[in-house]
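# Next input, structure requested:
(chains A and B)
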Amino acid sequence: MDRISTTSRPPGWRDPTGSVSGVPLWLEPTRILGAGVLDLARAGRYLWSVFLRTLYYTFRGKREKGAVWRHGLEMGNRSVFFMTVTMGFVGMLFVHSAAYQVNQITGDLHLVGAAYIELVVRDLAASIGAVVLATRVGSGIAAEIGSMVVTDQVDAMRMCGTDPVEYLVAPRFIASIVTGTAVLVYTAAVMVLSGMLAANLYFGVNPRIYLNLVYVDWHEVLTGLVKCVTYCAAIPVVSGYCGLSTFGGSEGVGWATTRAVVNSAIAVILLDAIISTSSYFIFY
Amino acid sequence: MIRFEHVIKSFGPKVVLDDVSVAITTGEVFFVIGQSGVGKSVLIKHLVGLLRPDSGEIWVDDTEVSGLDERRLAPIRKRCGMVFQHSTLFDSLDCLDNVALPIQKHRRLGLKAARAEAYRYLDLVYMREFAHHFPSSLGDGLRKQVAIARTLTMEPAYVLFDEPTTGLDPISARRVDHLIRELADRTSVTCIVVSHDLASITSTADRIMLLYRGRIQLLGTQEDFRQSKDPVVRQFMAGSPVGPIEV
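Residues are numbered from 1 along each chain as shown, chains lettered A, B, ... in the order given. Below is the predicted model:
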């Protein structure tokens, strides 16, 4: 029997009905939806596999000498200026907007600082900071690994009997957890201080009144820290996955970089929802 | 022996390999040629499980490799070494450690023993004096020779070369051709070479397979190619921009 399949048709082949896949036109939306779901499932399975292997090699793998230190320096130290500027302005904007609203409604600003610091410690510094950090760290990871994929270096590793996750993702994972968490904690301080500056400059709030820790309990600090560590663990895994699934040439690397930032941001938001909900049920 | 049986591979709507069947016998230097993007590299990557076919079978000796997972591919990858187009040496390691890495991984030797072994393989490709150079300080030709040494560490029965002479100056290219020929003649290793370098083909190949639009256009010896009246073969061998092959 003659083998007829969509794959054996010449490039540029078009179905007379207008379908390019060989599926009847009226079934095309179902085919596209089905293909999308299958792609998503495959991607999810691969991401999960990258995560499990990263965990395994974090405890069992061999690492190139100085790799964790090098990546830590890149992710942590070199992110400080970027994070200070962006999160400093974000902090000022938040406090300005909040104080402006409160001022219009009650005119009493003495608890603005207390409420804002609680929010920063529990959520804002970790969540917004992680999204901002992902734009720098995630894109860098995906671009570096993606370039190695398109120049066959990752395939060469596999041929040498080495799992690329061991050499490329695991060291970044450890570095990100340590230095990324430190950067996010530092970011919280920057947001609080920049907010204090805005409150004082625009609304004349005394810094001693602003720096009120009455709403910050140990479980707020714990929730904030858990978020910092979890996000900093998620960014290199998601970005590493995007880099490893790069396909094509330099265009593919560009797409991998974009996907790394977008997917890391989505991961942070999803994890935020999960951790916030869990902490609510545990502590309140 | 290596056998591809009715192998089909597509990337999205693009059919790259369309029902490719070929057998490669032990000890020969087998060239896969064709214009860029025709699927030559894709074909050999299937052999070591770096890509999986949509359908068809790939046999390395008595093992069908298309369905194997990473763990079970390890012995196949030991048997089939691969020299990549871009040399793919690790920039953070010097040449000696680049060659020692697969020895450590595959033979489970310590670093000291692996380095001692690595010198032996650098000797084979006349690169001992560059052992402590980093890849970034070497030219393309020398990097390729180190990559060949790294591949030989696994003592493969088959070596796959992905465009080994692309981007090299003529002298380095002929040196690599000479190494491939020497490898086949001295060690009876089967060499599968993906190339579109006519000088390499005429100086090194035992048999040649021309891929065109995902299918085998001609499979034969150098003499078969020279005598072929097929317009696609004629155009490729002449390197002419005019003919059925679209540039």
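
# how about the residues of the stretch 101-250 of chain A that lie near chain B?
Applying Cβ under 8 Å from any Cβ of the partner chain, we find that the stretch 101-250 of chain A lies next to chain B at A:T151, A:D152, A:Q153, A:D155, A:A156, A:R158, A:M159, A:C160, A:G161, A:T162, A:D163, A:F247. Bear in mind the C-beta positions are built from the backbone N, C-alpha and C, glycine included.

# Quick check: A:H110 touching A:V214?
No - between A:H110 and A:V214 there is no contact under Cβ atoms under 8 Å: 10.7 Å.

# residue contacts, A:T151?
B:H86, B:T88 (Cβ atoms under 8 Å, 6 or more residues apart in numbering or on different chains).

# Quick check: phi and psi on it?
Main-chain dihedrals, A:T151, degrees, to the nearest 10: phi -100, psi 20.

# For it, report the pLDDT, please.
We have a pLDDT of 85 for A:T151.

# Look up how far B:D91 lies from it.
Here the distance between A:T151 and B:D91 works out to 11 Å (Cβ to Cβ, to the nearest Å).

# Which strand or helix spans the closest residue to A:V169 other than its chain neighbours?
Nearest residue to A:V169, sequence neighbours excluded (Cβ to Cβ, 6 or more residues apart in numbering or on different chains): A:G240, at 3.8 Å. In the assignment (DSSP states H and E), A:G240 maps to helix A:218-244.

# now do B:L93
Going by DSSP H and E, B:L93 is not in any helix or strand.

# My guess is it contacts B:V99. True?
No - checked against Cβ under 8 Å, the pair B:L93 and B:V99 is beyond contact range at 9.1 Å.

# Pick out whichever of these two has more residues nearby.
B:V99 (30 against 15; other Cβ atoms under 10 Å in any protein chain shown).

# Surely B:R207 is in contact with B:L219?
Yes - using Cβ under 8 Å, B:R207 is in contact with B:L219, at 7.2 Å.

# What is the helix or strand just after the helix holding A:G240 packed up against?
Sequence-wise, the next helix or strand downstream of helix A:218-244 (DSSP H and E) is helix A:250-283. Counting contacts by 3 or more Cβ pairs under 8 Å, 6 or more residues apart in numbering or on different chains; DSSP states H and E, helix A:250-283 is packed against helix A:125-150, helix A:218-244.

# Tell me the gap between helix A:250-283 and the middle of its chain.
Mean C-alpha position of helix A:250-283 versus that of the full chain (Cα atoms, centre = their mean, to the nearest Å) differs by 5 Å.

# again with stretch A:230-250
With Cα atoms, centre = their mean, you get 10 Å for stretch A:230-250.

# Tell me where the stretch 1-150 of chain A has helices.
For the stretch 1-150 of chain A, the helices defined by DSSP state H, counting those that start in this stretch occupy A:28-60, A:67-75, A:80-105, A:112-119, A:125-150.

# The third one relative to helix A:112-119, how many degrees between them?
For helix A:80-105 against helix A:112-119, the angle between stretch directions is 130 degrees (axes from the mean of the first three to the mean of the last three Cα atoms, to 10 degrees).

# Tell me which residues of helix A:80-105 come out buried.
Judged by neighbour count using 16 or more other Cβ atoms under 10 Å in any protein chain shown, the buried positions of helix A:80-105 are A:83-84, A:86-88, A:90-92, A:94-96, A:98-99, A:102.

# what do you get for the shortest one?
Across helix A:112-119, burial judged by 16+ other Cβ under 10 Å covers A:V112, A:G113, A:A114, A:Y116, A:I117, A:E118, A:L119.

# same thing with the last one?
By neighbour count with 16+ other Cβ under 10 Å, helix A:125-150 contains the buried residues A:125-134, A:136-150.

# and that helix, what other elements does it pack with?
Partner elements for helix A:125-150 (3+ Cβ pairs under 8 Å, 6+ apart): helix A:67-75, helix A:80-105, helix A:153-159, helix A:181-203, helix A:218-244, helix A:250-283.

# circling back to that earlier point, any idea how far A:R158 is from the residue nearest to A:V169?
For A:G240, the distance to A:R158 - Cβ to Cβ - is 15 Å.

# Might you report the residue contacts of B:L211?
The contact partners of B:L211, by Cβ under 8 Å, 6+ apart, come to B:V20, B:V32, B:I33, B:G34, B:V38, B:G39, B:K40, B:L43, B:Q217.

# so how far does stretch A:197-212 reach from one end to the other?
Start-to-end span of stretch A:197-212 (Cα to Cα, to the nearest Å) is 14 Å.

# from the chain's centre, how far out does it sit?
Offset of stretch A:197-212 from its chain centre (Cα atoms, centre = their mean): 32 Å.

# Could you list the buried residues of that stretch?
Buried positions in stretch A:197-212, judged by neighbour count with 16+ other Cβ under 10 Å: A:L197, A:A198, A:A199, A:F203, A:V205, A:Y210, A:N212.

# Please enumerate residues in contact with it?
By Cβ under 8 Å, 6+ apart, stretch A:197-212 touches A:91-93, A:95-96, A:99-100, A:103, A:109-114, A:117, A:192, A:195-196.

# go again using 7 Å as the cut-off
Residues outside stretch A:197-212 that contact it (Cβ atoms under 7 Å, 6 or more residues apart in numbering or on different chains) are A:M92, A:V95, A:H96, A:A99, A:N103, A:L109, A:H110, A:V112, A:G113, A:A114, A:M196.

# same question, stretch A:123-142
Stretch A:123-142 has contacts (Cβ under 7 Å, 6+ apart) with A:75, A:79, A:82-83, A:86-87, A:90, A:172, A:176, A:180, A:183-184, A:187-188, A:191, A:224, A:227-228, A:231, A:235-236, A:238-240, A:242-243, A:256-257, A:260-261, A:264-265, A:268, A:272, A:276.

# how about the CA coordinates for it, as CSV?
Output in CSV follows, covering the C-alpha atoms of stretch A:123-142 (Å, rounded to 0.1, in the frame of the first residue of the first chain):
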residue,chain,number,x,y,z
ASP,A,123,4.9,39.6,49.4
LEU,A,124,6.0,42.6,47.3
ALA,A,125,9.8,42.4,47.7
ALA,A,126,9.8,38.7,46.8
SER,A,127,7.2,38.7,44.1
ILE,A,128,7.9,41.9,42.2
GLY,A,129,11.6,41.5,42.9
ALA,A,130,11.7,38.0,41.5
VAL,A,131,9.9,39.1,38.3
VAL,A,132,12.4,41.9,37.8
LEU,A,133,15.3,39.6,38.7
ALA,A,134,14.0,37.1,36.1
THR,A,135,14.3,39.6,33.3
ARG,A,136,18.0,39.8,34.0
VAL,A,137,19.0,36.4,35.3
GLY,A,138,16.4,34.2,33.4
SER,A,139,17.2,35.8,30.0
GLY,A,140,21.0,35.4,30.7
ILE,A,141,20.6,31.7,31.5
ALA,A,142,18.4,30.9,28.5
